[in-house]
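1. Based on what follows, work out the 3D shape:
(chains A and B)
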Amino acid sequence: MHVEVRGLNKRFGEFQAVKDVDFSIAKGQLIGLLGPSGGGKTSILRMLAGLETPDAGDILFHGRRVNELPPQERGIGFVFQNYALFKHMTVEGNIAFGLEVKKWSKPRIKERVAELVELTGLSGFEKRYPHQLSGGQRQRVAFARALAPEPQLLLLDEPFAAIDAKIRQELRSWLREMIDRLGITSIFVTHDQDEAIEVADEIMIINKGNLEQKGTPWEIYKNPQTPFVAGFIGESTIVENIASIRGFEDAASWPGTKALIRPEYVEIGKPSEFRLLSATETGKVRHLHFRGSEWLVEVEVGSSKLVTYRSLEKEVLHPGDPVQVLVHRAYLFNDSDSWIMENKLKEDPMPVHI
Amino acid sequence: MSSTLQSRWWGWGFRSAVMLYFVLLIVFPILGIYGQSLSAGWGAFADNVTEPLAWKAVALTVKLALIATIINVLIGTMAGWVLIRYRFPGRKLLNSMVDLPFALPTAVAGLMILLLLGPQSPVGQWAERLGFTILFHQPAIVIAMVFVTFPFVIRAVQPLLEEMDPAEEEAAYTMGATKAATFFRVILPNMAPGIASGAMLAFSRALAEFGAVVLVAGNIPGKTLIASVYIFGEIESDNVVGATAVSVILLTFSFLILWFVNHLQTRRKGR
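-> Here you go, the predicted model:
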């Protein structure tokens, strides 16, 4: 189902939960609403479902305004954070509920329930009650139950939050596969960026009720449009005085500009490891953290502190070692603007200092 | 070492005290009543139970207690629902007043009903004009029973409603269920164990009520004489076996109900 949202606003008392949010979602896409807790993601989801009424703005499904439609008539499926299974009903009963209230015929219900039990891998558990299931199984029941009445839009609120890390990984790929197979437009809320990056076709970053950016995970990583997005996705350190770092002297012409540098933008090593030694400068290793598959190195360059990774295959560094540091690029931002700046010495092998 | 020994002695002491208390105050008297009722032999017991006034009193009590329980199930469920789900001025006050019937001496409750429904009162006169009297008739007994057992269902339903996840209701809506379907298929089943155990306790208490009822019932043998008043009358006229026979019936009823409530609760916890 094609979903469009225009000028969506919602406040709870004094608190502005959602502020002028616009977006549209093409049919069959899997969208991740990503952002910190309390940022308004769940409010947006609940308004799409009709569980919350917007203060202003339009919600359109298939180009038709649905603001006035109650949740019963929106043709959606909703998976709740804590599953909200009906405790007094069996797995079968939970899945059949939506079909029974829609007055499907008995044989059709039976057929549909069997189909979903099969699809979600719950065969053999049909007669169990929710308290007799594991977290992952409950999650699947919630998913099957939401899908049973053949919704055109599936909404998932933190679907994996209550599941332990190992099974979460499994369920994620299972969900991705399932949604691909069914081709159903889906929106899920998460505060876990790995989850959003791994599962979603497109991510919408929501912060303080604003839609900060919408795009594919790669676009968002590559071209963050706001300082918030730049800081939220991936790891990063903020450098106050970017003009003091070699290759970024030009930044001095924008006073009050700070830089955000990701570990993968920074390269460190012995002088022999660099092709363009002129673009590097000397720093000092402050700390080393073993990360299981690599080193996380903190280096001090002048007054700034940078963080980067170093392969385990390379020569081992020690705290206090002098080291060459090359900053490939930095994400610069000030109160009014933000942009990406490449290291200019890298592009020009024969720099002329005036 | 000595402290563990000490704590073991303490534990033993506590347990014995509680056991003794339990045996002295509950088990002995109950056994005593069963013993007394049979002290003149099975024949006398049967005679006393089959005595028309006795069984009529028991039957009347069961019937009226049943009516009172049904009224309380309906009103209590509704009241519990309103007190949890709605926010309105005075809600807290109302909520704390629910327990009043527990705190009030039942005789005072009886007196209140007597004054409220008596022939001189507006309600009494209004009923009179409609062609029936409340006071000293069965309706008065039911009203007294309803008043005294009012808190049971409410207090049993409230925690269940409170701990119910609102998302369960919302899930039903998103699956297309109307408000009515959601209430009957999702919310009511959640409240059912509370309604059932509250109703059982209310019924049990209504069977046993004396103070509030004796003032308003009129106590006409065979018509408005309920079991507990009958027992009182038998004792007054020195027929201990007669009193104990009816007591045994009430007691057995209460035990069965208590056992059933326990059964319901353990099943709920097992989930």
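2. Mind jotting down where the helices sit in the stretch 201-350 of chain A?
-> For the stretch 201-350 of chain A, helices defined by DSSP state H, counting those that start in this stretch occupy the ranges A:217-222, A:227-232, A:344-347.
3. Adding mean pLDDT, write the ones you listed out as a markdown table.
-> Listed next are those as a markdown table, based on pLDDT from 0 to 100:
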| stretch | mean pLDDT |
| --- | --- |
| helix A:217-222 | 88 |
| helix A:227-232 | 86 |
| helix A:344-347 | 73 |
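4. which intervals of the chain have sub-threshold pLDDT?
-> The chain I'm using is chain A. A:347-354 (pLDDT under 70).
5. Can you look at chain B instead?
-> B:1-6, B:268-271.
6. which parts of chain B sit against chain A?
-> Neighbours of chain A within chain B, by CB under 8 Å from any CB of the partner chain: B:165, B:167-168, B:170-178, B:181, B:185-186, B:189-190, B:271. In this view, the C-beta of every residue, glycine as well, is placed from N, C-alpha and C.
7. And for A:Pro224, nearest residue in space, chain neighbours not counted?
-> Of all residues not flanking A:Pro224 in the chain, A:Ala230 sits nearest, at 3.7 Å (CB to CB, 6 or more residues apart in numbering or on different chains).
8. Quickly list the domain ranges of the chain.
-> No chain specified, so I'll use chain A. With domains defined by automatic domain parsing, chain A comprises A:3-225, A:237-347.
9. Let me rephrase: I mean chain B.
-> B:1-37, B:44-270.
10. can I assume B:Ser39 is in contact with B:Gly242?
-> No. Between B:Ser39 and B:Gly242 there is no contact under CB atoms under 8 Å: 11.8 Å.
11. The two - which one has more neighbours?
-> B:Gly242 (25 against 12; other CB atoms under 10 Å in any protein chain shown).
12. Just to check, the more buried one is in contact with B:Ala54?
-> Yes. The criterion here is CB under 8 Å, and B:Gly242 meets it with B:Ala54 at 6.8 Å.
13. State which helix of the chain is the longest.
-> Using chain A. helix A:165-182 (DSSP state H).
14. The chain in question should be chain B.
-> From DSSP H, the single longest helix across chain B is helix B:52-85.
15. which other helices and strands contact that helix?
-> In terms of contacts (3 or more CB pairs under 8 Å, 6 or more residues apart in numbering or on different chains; DSSP states H and E), helix B:52-85 is packed against helix B:91-97, helix B:138-163, helix B:188-208, helix B:227-236, helix B:240-270.
16. Might you report the residue contacts of the residue nearest to A:Ala142 when sequence neighbours are not counted?
-> Counting by CB to CB, 6+ apart, A:Ala142 lies nearest to A:Tyr83, which is 4.2 Å off, once chain neighbours are set aside. Contact analysis of A:Tyr83 by CB atoms under 8 Å, 6 or more residues apart in numbering or on different chains lists A:130, A:138-139, A:141-142, A:162.
17. Recalculate using a threshold of 7 Å.
-> A:138-139, A:142 (CB atoms under 7 Å, 6 or more residues apart in numbering or on different chains).
18. Find the helix or strand that it is a member of.
-> A:Tyr83 belongs to no helix or strand when assigned by DSSP states H and E.
19. Could you measure from it over to A:Thr120?
-> Separation of A:Tyr83 from A:Thr120 (CB to CB, to the nearest Å): 13 Å.
20. what does A:Val301 give?
-> 53 Å.
21. that older thread, distance from the longest helix of chain A to the middle of the chain?
-> 15 Å (CA atoms, centre = their mean, to the nearest Å).
22. Name the residues of it that are buried.
-> Neighbour counts over helix A:165-182 (16 or more other CB atoms under 10 Å in any protein chain shown) mark A:167-168, A:171-172, A:174-176, A:178-179 as buried.
23. Which of the helices of the stretch 201-350 of chain A sits closest to B:Ile134?
-> Nearest of the helices of the stretch 201-350 of chain A to B:Ile134, taken as CB to CB: helix A:227-232 at 71.1 Å.
24. Which residues does the closest one contact?
-> By CB under 7 Å, 6+ apart, helix A:227-232 touches A:205, A:207, A:212-213, A:220, A:224, A:236, A:260, A:331, A:333, A:338.
25. ok, 8 Å please
-> A:34-36, A:193, A:205, A:207, A:212-213, A:220, A:224, A:236, A:238, A:260, A:331, A:333, A:338.
26. Closest to chain B out of those residues?
-> For these, the minimum distance to chain B (CB to the nearest CB) is 20.8 Å, reached by A:Gly35.
27. how about the closest one, what does it touch?
-> Neighbours of A:Gly35 in contact, by CB under 8 Å, 6+ apart: A:41, A:191, A:205-207, A:212, A:232.
28. So which of those residues belong to strands?
-> Per DSSP state E, strands hold the following members of the contacts of A:Gly35: A:205-207, A:212.
29. quick one: which of the buried residues of helix A:165-182 is nearest to A:Asp55?
-> A:Ile179 (31.0 Å).
30. Please list all residues in contact with the closest one.
-> So A:Ile179 contacts A:30, A:154, A:186 (CB under 8 Å, 6+ apart).
31. Count the neighbours of the last one for me.
-> A:Ser186: 27 surrounding residues under other CB under 10 Å.
32. Sheet-wise, list the partners of the helix or strand containing it with their directions.
-> For A:Ser186, the host element (DSSP H and E) is strand A:185-190. In the sheet, strand A:185-190 lines up against strand A:30-34 (parallel), strand A:153-157 (parallel) (DSSP bridges).
33. And the contacts of the very next helix or strand once past it?
-> Remark: after strand A:185-190, the chain's next helix or strand is helix A:193-199, criterion DSSP H and E. Contact with helix A:193-199 is made by A:30, A:32, A:34, A:160, A:168, A:172, A:175-176, A:188, A:190, A:203, A:217, A:221, A:232-234, as judged by CB under 8 Å, 6+ apart.
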